[in-house]
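Trainee: The sequence and its predicted three-dimensional model are supplied below.
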Amino acid sequence: MPAFTLNRALCLQIYFLFCIMPFLEAQQTLIPKELQCEYLNNPIGIDSPHPRLTWKIIDPRQGSKQSAFQIFIATDSNVLNNQKSEVFHTPIIDDAAQLFNYRGDALKSFTRYYWQVKVWDQNGISSISNINYFETGMMQMSNWKGAWISDTRNIDKKEAPYFRTNFDINKKVKSARAYIVCAGLYELYFNGNKTGDHHLDPMYTRFDRRNLYVTYDITDQLIKGRNTVGVLLGNGWYNHQSTAVWYFHEAPWRARPAFCIDIRLTYDDGSIETISSGKNWKTSTGSVIFNSIYTAEHIDNRLEQPGWNKPEFDDSKWKEVILRSAPSDNIVSQTMHPIRNVDTINPISMNKISDTCWVFDLGRNISGVSKIKLKGAEGTAVKVRHSERLYKDGHTDLSNIDVHYRPTDGKDPFQTDIYTLIGKGEEVFMPHFNYKGFQYVELISSKPLELKKEDLTGYFMHSDVPPIGEISSSNPVLDKIWTATNNSYLSNLFGYPTDCPQREKNGWTGDAQIAIETGLYNFDGITIYEKWMADHRDEQQPNGVLPSIIPSNGWGYEWGNGPDWTSTISIIPWNVYLFYGDTKILKDNYEAVVRYVDHITSISPDGLTDWGLGDWVPVKSKASAELTSSCYYYADVMILSKMAKLLGHADDHQKYSTLGVKIKTAFNNKFLKKETGLYGSGIQTELCVPLYWGLVPDEMKEKVASNLAKRVVADGSHLDVGLLGTKAILNALSENGYADLAYTLASQESYPSWGWWIKNGATTLYENWPIDADSHISMNHIMFGEIGAWMYKGLGGIKPDPEQPGFKNVLLKPNFVKGLDRFSAKHTGPYGEIVSSWKKVGKEIIYDVEIPPNSSASLQLPLISNKKVWLNGKIVEVDRMELESGNYQFVWK
């Protein structure tokens, strides 16, 4: 090629690189996406006067930032298409925030608001989002028009009440909404079709203090002419007819289920009509002859009233409803992810024991329900028993989960649905108002039947929180532990976190504070936790005391509570704040935390407390309850001090900071042996809990951590902790230079360990370390679930930065542990997906990092002897780096 051609090609290349490329890059910009209101996609029926608007952004460029944003809100989407707003718009706000609280004029009830966000990047280039919407609901109690109705005042009546009324539509409907609030549970129908895909609505609350209503878009369910609305009510936690040790049946609010509904029709001509519950409704009973959220449901198809929720049904034999007072004067929107049948699970096997007995195995332990297809003679009764394990003879064994049930007769067997056939072809049964914890389903029929494996289906039911985390590694047992942890977490999420989905279904606070980070790393659960903290405020006594289970019927104020359990009042809000960067949950709960801490202080004049259950279900060594409870007292105080500073309460910040010093000093004076570096008797829990919660003096941390490591090795590199110890031990080791030992502990496959459960067939986490324990042996418990969060922290090294929460800045400190060849952690935070992934290839270690747009990371690079770190072909000379958004690959070689 001639020299002239080379020079010309070189000139063109230089021109492109230095003239054209900068212009093209300048045209790239960040794009707003995934708009949400109140952390939900296009929600309807919200009540918040200041709804929170959030968004993420897409931008593949390294170091991309949002420099400003502007919000537009209108009631007409066409207005927004012209980038105008007749309702509200902000000025251009020079801020990188991706969370905005509406602060305009008061929002109107029953109104759809369209909104979009315009953002500017670091170069001043703007981009605007697609249009999303939110829709307000009642907004205030005075907007309700309907009456509370029921069928009787008899709390002992077993049959579920059915309700119906007709209404006519003679004009074209533009939109239609149903607003329903219920004391108990409900299913809503229009013209014979169930409305929505939710289950077990509304969520459980302290019914005499707060009730939740749900909003449905029913526009497509209505027809011109005669329409019918039907409501089926269940007992839920409101009218608990089954008896157990927690006195559910003695709840102060207990009454026959009741409901109130407003159906708001907006016509094309602009007129509005509201159809409400009242004396014009009729009621009867039907095929649901018994239902208990705790035990099971009984259905007799011979009593079914076909078409009861359709216009053509003859309701002349139905009775008048009765009017009831509202359970509380606080009815608010259920603005949260609903409970759904999320996964469909087909049995892996069916064992026909006889012509009247079959046992199905789903292959995994779940919370939820079973659906069965049956065909048999009229009057055939089929008992459907659900269990987590089997007896040696192949029958279902409920002895590990029915221990707290106190039946008064044999008519309400535990976790056993009872179906009676009408005998008219194939019949399909599934409970309406119950869920269970189970892997095995045993059918026992009063008459011979023919069944196939395909006749039974399991449904994994739980609050349908979006998954936002992922773990994968070269160790299949570790991956199965992560999956089992998530299975147990979801199995215990039903509008509030529970301990187990079978034996109790209680909102045990201790289990929830242990599992909070596991939940937040893996699932977008803020709506559940905000609701549950409202439950805390409802349950808190004037002196600050909380019950050990929340919500509560009154049980738990005298047993099981104390700082190690009910520190949920501070630990949950603080962690939600760290993960989302949203201060609302801190503001909402600040006064409750103050009352709680002040109560502990009033009964702990020396700065120490023994109030609490202590290290529940330990392997063998029992830690001092005063030691562990005092650690949680200190944690509460320090969280409160931080909350006070963030919220501008300077005097409180000083007050509780000083109290924290007092507690820490008293704690170390009593429990720390400075000459040896041991706490208490030197067992695992007594060493790791002070390390994790920050009570160890800085100059003693290395010695205490060394003693913890020695103790773990002396215990065969196996666990010797209970519930409180499992929260702390892996973190205390990996955060203090013993990540290899932490991994050894986490990945053990012999007793006692998480891997021991997996090797013995577990698909969920257990309540006790020995799988053949005589007590405390639920096979679906979340209380040992901190390991799921530790994988993100201790191996992937991903943590939120308290100084820039919500992962605005990500703290990264990966550990390339011995015995593991590959590990990857992914978490989608408010700014997007964070990836921390490493693998060992020959003598090299390759570490890939992804930081989402508009965020940053503080990376601490592991020091590996005889290896240097390379990035982009250059040696990295430092062990700490500040990273902009983008993708990075580090290589140790």
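Mentor: Alright, I've got the coordinates. Keep in mind that what you see is a predicted model, and the values were worked out from it rather than measured.
Trainee: what about D393, how many neighbours?
Mentor: Applying the criterion other C-beta atoms under 10 Å, we find 7 residues in the vicinity of D393. All C-beta atoms are positioned from the backbone trio N, CA, C, and that covers glycine.
Trainee: Tell me which strands the longest strand seen in the chain pairs with, and in which orientation.
Mentor: Taking DSSP state E as the assignment, the strand of the chain that covers the most residues is strand 357-374. Each strand pairing with strand 357-374, determined using DSSP bridges, is listed with its direction: strand 349-354 (antiparallel), strand 427-429 (antiparallel), strand 436-445 (antiparallel), strand 456-463 (antiparallel).
Trainee: D582 is nearest to which of these?
Mentor: With C-beta to C-beta as the criterion, D582 lies closest to strand 456-463 of the strands paired with strand 357-374, at 19.2 Å.
Trainee: list the buried ones in the longest strand of the chain?
Mentor: Buried residues in strand 357-374, defined by neighbour count with 16 or more other C-beta atoms under 10 Å: 357-362, 364-372, 374.
Trainee: Which member of the residues you listed is positioned nearest V576?
Mentor: For V576, the closest of these turns out to be S367, at 23.1 Å, with distances computed as C-beta to C-beta.
Trainee: quick one: contacts for that closest one?
Mentor: S367 sits next to 435-437, 460-462, 490-492, 494, 501, 780 when contact means C-beta atoms under 8 Å, 6 or more residues apart in numbering.
Trainee: and which of the residues you listed is nearest to E427?
Mentor: Nearest member of those to E427, counting by C-beta to C-beta, is K436, at 20.5 Å.
Trainee: Return the residues in contact with that closest one.
Mentor: Taking C-beta under 8 Å, 6+ apart, we find K436 in contact with 296, 367-369, 386, 415, 501-502.
Trainee: Settle this for me: I272 is touching R177, isn't it.
Mentor: No: here I272 does not reach R177: they are 10.6 Å apart, not a contact under C-beta atoms under 8 Å.
Trainee: which one of the two has more residues nearby?
Mentor: Using other C-beta under 10 Å, the more surrounded residue of I272 and R177 is R177, with 20 against 10.
Trainee: Could you give the bridge partners of the more buried one?
Mentor: On the basis of DSSP bridges, R177 takes part in beta bridges with D217, R264.
Trainee: between I272 and R177, what contacts are shared?
Mentor: R264.
Trainee: still on that earlier bit, nearest to K480, of the contacts of K436?
Mentor: Checking the contacts of K436 against K480 by C-beta to C-beta gives S367 as the nearest, at 18.7 Å.
Trainee: Show me what that closest one bridges to in the sheet.
Mentor: Listed by DSSP bridges, the beta-bridge partners for S367 are G437.
Trainee: Now do the same contact list for the spatially most central residue of the chain.
Mentor: Closest residue to the average C-alpha location of the chain: G525 at 4.1 Å, with C-alpha atoms, centre = their mean. Each residue near G525 by C-beta under 8 Å, 6+ apart is listed here: 337, 463, 465, 493, 519.
Trainee: Now with 6 Å, please.
Mentor: If you count contacts by C-beta atoms under 6 Å, 6 or more residues apart in numbering, G525 has them with 465, 519.
Trainee: cool, A746 as well?
Mentor: Shown in contact with A746 (C-beta under 6 Å, 6+ apart): 730, 787.
Trainee: I'd assumed V332 was in a helix, is it?
Mentor: No: following the definition DSSP: H, G, I helix; E, B strand; the rest coil, V332 is strand and is not counted among the residues of a helix.
Trainee: Quick one: the strands in the stretch 51-200 of the chain, in order.
Mentor: Defined through DSSP state E, counting those that start in this stretch, the strands belonging to the stretch 51-200 of the chain, from first to last, are 52-58, 66-74, 88-89, 99-101, 112-121, 126-128, 132-136, 148-150, 161-169, 173-183, 185-190, 193-194.
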